[in-house]
Structure formats: structure tokens, C-alpha cells
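Visitor: Generate a structure from the sequence data that follows.
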Amino acid sequence: MPVPELSVPDTGRPRPPFHRRRLVGLLLVLAALSAPLQARQAPADVPLEPLLAGEYAFQAGQLADAARWYLEAARAADGDVLLAERATRIAMLANDDARTGQALALWRQRAPDSLALRSAGISLALRKGETRKAKRELVALMKSPDPRAWRYALAALGGGRDPAVVARVMDQLVGAGAIPDELVAWQEFGRLSLRLDAPKLSQRIVAEMVRRFPGEPRVAILRAGQLNQVGDRDQAKALLAQVEPRAAEDPEVRGMLALAYEALGEYGAAARVVATGPQDMRTWGMRASLLARADDSEGLDALYRDLSESDRGHPDPARRMLLGRIAEFLKRPAEAVDWYRGVAGGPERAEARIRIAVALYELGRAEEAYAEARSLQNDASSNDDARRNAYLLEGELRQRAGDAEGEIDALGRGLAAYPDEPALLYARALAWERQDRIDRAEADLRKVLVADPENVAALNALGYTLADRTQRYQEALELIDRARVAEPDSGAIVDSYGWVLYRLGRNEEALVELRRAWGLQKDPEIGAHLGEVLWVMGRHEEAQRYFAESHRLDPANRSLRRALEKLGLPLPAAEEKPEEGEGAVEAGPAAPADASGQASSAPEPAKTPGPADPAPATAPETAP
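Guide: Okay, the predicted model is just below:
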């Protein structure tokens, strides 16, 4: 699944050339492997030839070759713990169980007491379906006196391939009483059970937490999530209501509670919770976004009036930006224009001009909106980021107007002003894809990769597009593998990987990866892919469940509609939910994904948020 947009790094400075970055990476590897670390029992000369070959293959996404070369290097470097570990991890990423086992054996010889080694060995056992061995070693690991042991156990479970196998072993751990009697440990195992989409396991873990930690509000919030997972929304809401009195005094509980209400679709309740704490521009923005999603015009209007009063005599650019957004939420674009025009200077001015164009478009004054965008494009006093975003904005507004030719023209003018600028090339590639001009989409994505061959978003987008819209599956797999090297736990990239495996006819492997992607990210496109693979495998009832859930998340999702059309199925009879940001303002392309390449959904119109949604409460790390 590729991202809607792409941007240059936040610094605005170009990245170092690819060969420099790769050379730096190789030098860092060499430095790490030759350093006199305590873990290295008998430092030996680093075998440069297989090491360099392995690292080059790894950076190129040729994971099978990388695993082979790194194993050879680890064998040649007698006593080198770090190299044995790296060989193990690369073989695991390549899904090469045989070489993983061989590298693990070297690692075990050199550091038999390493918690990381034991964790990796358990992950391999899970991948091979050796559940008894995995359970036995997990129980032994969590009995270790090292307080970090349970985190290594959690990481081992996260390294399993098949969510069903992981869930089965976790259930056995709960039954064996192996999880330590610490709230944070139970919270993390509970969260993992929710990501595994294993309702019975989640229910068992939460019940055990209620028994062990009675009266703990964090447990009640986790239980509400489990109830929501099995469809008992009313009980989940009742449980959250009991926790609310604790939110005012505890910021962590307040954040968790707001997120839990948001997951239930109870946006008004989430806004109410956010309002109980100290208020500033960030919390006002959260409340505005949540109230807009709740379609609570009365609550929005009250917030709007309060903030308007506070602006009198004390104009503040950030507050006026927020007031403009709330006016857009309230479907008052003329008032929004007035607020934005009141932002006379400062860092908010460029964004205000972007929002003016959006508000004018919402007023039905499309030509004035385009003119506003062009004015910013031609304003030499504005910085390059603002002018570039104005081209992206015009392209998106023309797309929304159904003017495909105008969209391409706007992005082409942007590229004339900023040749080979990644965000503009990326946006135009997605525009070409929507027009079924796959050759041109590929050309623009390859231009991004010429300038930055390690751009994860472009690698994933091109790989996914080749897998989805052509028959060049092996080439697609290599591109996606390069993206996986950089972000192995990205839900979008794991989805792309699962999808190309499906297109290669490797349905069982594809199903495992797509289930993992769904656990990482509940996205309608991932659900559509999962449903299609299940349907083709004859598991129609389960497939329909994912189609229905995808339809609930986004009834208009292109991938869902294409899958159903391909399979000759009607749209699921699911409760329709407004698209993310409906009622919220859609701006011109806001913060495109950074140049490191965050991955997102397959080519869809970019959506830009209104005021930020509540940020998750800080959770303990799940991996060592």
C-alpha cells in the first residue's frame, strides 16, 4: 500500500547521495563488528568480502542473498557474537528458517546466556510451528531473574509469523501462570492479544487482570477494548463511564480513556474526557476534531464562541488558525476565510493562505481557490515548502473537482518550478495511477528513487503498484523487500508484502502476512486484501467478515470495491461510517509523509487532518 504523498526531510536540506549513505552504513557495520565489545568472546578479523557482499545485498533488498552472505561471514568470524546475531536477524527477515537455525547455532555457541538469543530462538520455534518447544522456552525465559525477561518474551511472540500460532501459545502461557505479576506486563500482553485479533484470548487475559488488579482503571479500559472487539459496545461504554471520574486527576488515564472512546466511535465522549484536563491550543484542537467527527454542532459552536471571545483584544495567530478550522467544521467557510485572513504574519501565514484556498473551494468559488493557490505558488517572499504545497493543494482541489487534466497540469507546473521534487513526483505518480497510466506512474516513482534509492515510501508504492497493476511480481517483491528492510513492522509494507505473495500464488504465506498487517493496522485496504485471499481459498464466511469491517471503515475504498467487483460480490450490508475527517476540513496536501517513506494506503486521495486527534498515552516498550 503506497502513501498519498511524500515530502522532503523536515530540515529542507537534501539528503546525502545514496552512495555516501550506503558507505556510511557499511562503515558503521564494520566499526560495530570490529569494536572490542564485552559480548565478543574471541575477536577475530572481520571477513570483509562476505560481509560487504551481505550488506550490499541487504541494502538492495535481496534478502535471500544477504542471509547467505551474512551466514558465511558469521562462520568465518570465529567467536564474533554481534555478527552471529546480525546473521540471525537478517535470515529471519528473509523468512529463511534453515539459515536462521544455522546462525542461531553460532550465536548460541558464542553467547549461550543472551536473553536476545533466547528470544530469537523462540521466534524461530513459533515460525516453524513448534508450539511445545516455544511454550517451554518462554516459560523458562520469564522465570529469569532479569527484570527485562518478560519484554524479551513479548518480543519473541511478536516475531512469530502466524497470529493464530502466537495466540495459541500465549493462551498456554496464561494457563501456566507464566506472565509476571506486574500490571505493565499484563497490559502489554493484553495489547498484543488485541493486535492478534484473538477475542477469546483477550477475554481470558483481561479476566485475569481484573482478578489480579481489582479497581485498576487501566485494566477497565483494556477490558472495554476487549468487549468492543467481540461486539459488546454497550457494556464497553458502561465500563468506560465508570472510569471517567478518575480521568480528571490522572493524565495517563485521561489519554487512554479518550482513545478508548474514540475506538468505540464515541467521539463526543472522547471530547468530554479531553475537556476535563488543563486546556491549551493542543487540547482545544483535539476537542474540535472529535466534536466534528461526532457531528456535535452544538458542542463545536460553544467551543467556537469561547475561543472567539478570548481572541478579542488579544489576537493570536495559532488561535485564529484553530478558529478558522472550527468554522470549517461548522460549515461556515466564509467565517473561516475571515479568520485566516486575520493571520497577518508569522509561521502560520503560509498555512493560512492554504486554508483560505480550501475554504473558498468549499464556498463553491473554485476559480478563486485556484487563484489563491497560484498566488502562493508565485510569491517569491514565501518559502519553498509553502510554494511547493500550493502546487500540491491545487492538484488536490482539481482532483476533488473531477478535473484530472487540471490536476496533472498543476503538478507539472510545480515540477517545472521545482524539478524532480519528490512530493510533487509522488503526487503525480498517484494521479497517473488513478488514470490507469501505470507507465507514467512508474516513471515518476523511479525518478524519486533515482534521487533517493532508499526512499521507503517510493519503494513500497512502486512495488505495490507493480504487484497490483502488472504481472511483474518478482520485481515488485524485490522493491517491497527493500522497504521491509527499513520498516519491517509497518502495517502498510507488510500488507504490500502479503499482496505480492498472493499475486505470486503463495496464498498460505500471503494469508499469514496479511493477518499480521491487519493486526498492525486496521485499514480498509488491508481488510479488502485479506478478504480476497480468504475468499479465493474457499473461506467465504471469514472473508465476508473482513469485507464488512472494511466497508464499515470506508464504504468508498477503491481496493474494497475492486475486490468485490472482481469476485462478483455485492457491497456488504455494514453500518456506514463517515470517512476520516468528514465534517473535518480537508486541506490542501498537508504534511506529506517524510522522505524516509512512511507507508500508507494504496493510491487514494490524500486527506489532511483538522486539529490533531488525541495522541496515544505513552505505553511501555514492548520489545527490549
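Visitor: what about the strands in this protein?
Guide: Using DSSP state E, no strands are assigned anywhere in the chain.
Visitor: For it, give me the ranges with low pLDDT.
Guide: Scanning the chain with the threshold set as pLDDT under 70 gives 2-45, 573-624.
Visitor: Let's see that with 80 instead.
Guide: 1-47, 229-230, 312-313, 345, 572-624 (pLDDT under 80).
Visitor: Tell me the residue in the protein that is farthest from the middle.
Guide: Gly313 (42.2 Å; CA atoms, centre = their mean).
Visitor: And that residue, how far from Met321?
Guide: Counting by CB to CB, to the nearest Å, the gap from Gly313 to Met321 is 18 Å. C-beta: built from backbone N, CA, C; applies to glycine.
Visitor: Now the phi/psi pair for Gln279, please.
Guide: With angles defined as degrees, to the nearest 10, Gln279 sits at phi -110, psi 140.
Visitor: Could you give the number of residues near it?
Guide: Per other CB atoms under 10 Å, the neighbour tally for Gln279 reads 13.
Visitor: And for Asp403?
Guide: 16.
Visitor: can you check Ala344 too?
Guide: 11.
Visitor: Spatially nearest residue to it (excluding sequence neighbours)?
Guide: Pro317 (7.9 Å; CB to CB, 6 or more residues apart in numbering).
Visitor: quick one, what contacts that neighbour?
Guide: The contact partners of Pro317, by CB atoms under 8 Å, 6 or more residues apart in numbering, come to Val343, Ala344, Gly345, Gly346, Pro347, Glu348, Arg349, Ala352.
Visitor: can I assume the first one is in contact with Arg320?
Guide: The reference is to Val343. Yes: taking contacts as CB atoms under 8 Å, Val343 lies within contact range of Arg320: 5.2 Å.
Visitor: list residues touching both of these two?
Guide: Counting by CB under 8 Å, 6+ apart, the residues touching both Val343 and Arg320 are Ala352.
Visitor: Report the separation between the nearest residue to Lys135 once chain neighbours are set aside and Leu154.
Guide: Nearest residue to Lys135 in three dimensions, chain neighbours excluded: Gln172, at 4.9 Å (CB to CB, 6+ apart). Going from Gln172 to Leu154 by CB to CB gives 15 Å.
Visitor: neighbour count winner among those two?
Guide: Comparing Gln172 with Leu154 by neighbour count (other CB under 10 Å), the higher total belongs to Leu154, at 25 against 17.
Visitor: How about residues contacting stretch 219-239?
Guide: Here stretch 219-239 has contacts from 183, 186-187, 190-191, 194, 197, 199, 202-203, 205-206, 209-210, 213, 240, 242-243, 253, 256-257, 260, 263-264, 266, 269, using CB under 8 Å, 6+ apart.
Visitor: could you flag which of the residues you listed are buried?
Guide: 186-187, 190-191, 194, 197, 199, 202-203, 205-206, 209, 213, 240, 243, 253, 256-257, 260, 263-264, 266, 269 (16 or more other CB atoms under 10 Å).
Visitor: dump the residue contacts of Ile90.
Guide: Ile90 neighbours (CB under 8 Å, 6+ apart): Gly54, Phe58, Leu63, Ala66, Ala67, Tyr70.
Visitor: Kindly indicate which of these lies nearest Ala386.
Guide: Phe58 (38.3 Å; CB to CB).
Visitor: Just give me the neighbour total for the closest one.
Guide: Phe58 has 24 nearby residues by other CB under 10 Å.
Visitor: Just confirm it contacts Ala486, I think it does.
Guide: No: counting by CB under 8 Å, Phe58 does not reach Ala486; the two are 10.6 Å apart.
Visitor: how close does the residue lying closest to Asp296 once chain neighbours are set aside sit to Tyr56?
Guide: Take Asp296 and drop its neighbours on the chain: the residue closest to it by CB to CB, 6+ apart is Gly268, 5.2 Å away. Applying CB to CB, the value for Gly268 to Tyr56 is 55 Å.
Visitor: again, but for Arg233
Guide: Distance from Arg233 to Tyr56, by CB to CB: 52 Å.
Visitor: Repeat that for Ser119.
Guide: Noted for Ser119: a distance of 28 Å to Tyr56, by CB to CB.
Visitor: Looking only at neighbour counts, state which of the two leads.
Guide: Each of Ser119 and Tyr56 has its neighbours counted (other CB under 10 Å); Ser119 has more, 24 against 16.
Visitor: quick one: that one and Ala156 touch, right?
Guide: Yes: the pair Ser119 / Ala156 is scored as a contact, 4.2 Å apart, by CB under 8 Å.
Visitor: Show me whatever sits in contact with both of these two.
Guide: Common neighbours of Ser119 and Ala156 (CB under 8 Å, 6+ apart) are Leu141.
Visitor: just the helices in the stretch 401-550 of the chain please.
Guide: 404-417, 422-434, 438-451, 456-469, 473-486, 491-503, 507-520, 524-536, 540-553 (DSSP state H, counting those that start in this stretch).
Visitor: how about these in a markdown table, adding distance to Ala302?
Guide: Shown next, in a markdown table, are these (distance: least, CB to CB, whole Å):
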| stretch | distance to Ala302 |
| --- | --- |
| helix 404-417 | 39 |
| helix 422-434 | 38 |
| helix 438-451 | 46 |
| helix 456-469 | 40 |
| helix 473-486 | 46 |
| helix 491-503 | 37 |
| helix 507-520 | 38 |
| helix 524-536 | 33 |
| helix 540-553 | 30 |
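Visitor: can you count the residues close to Ser308?
Guide: For Ser308, using other CB under 10 Å, the count is 16.
Visitor: So it versus Tyr502, what's the distance?
Guide: Distance from Ser308 to Tyr502, by CB to CB: 53 Å.
Visitor: How about Asp234?
Guide: 37 Å.
Visitor: the more surrounded of the two?
Guide: Taking neighbours as other CB under 10 Å, Asp234 and Tyr502 compare with Tyr502 leading, 23 against 9.
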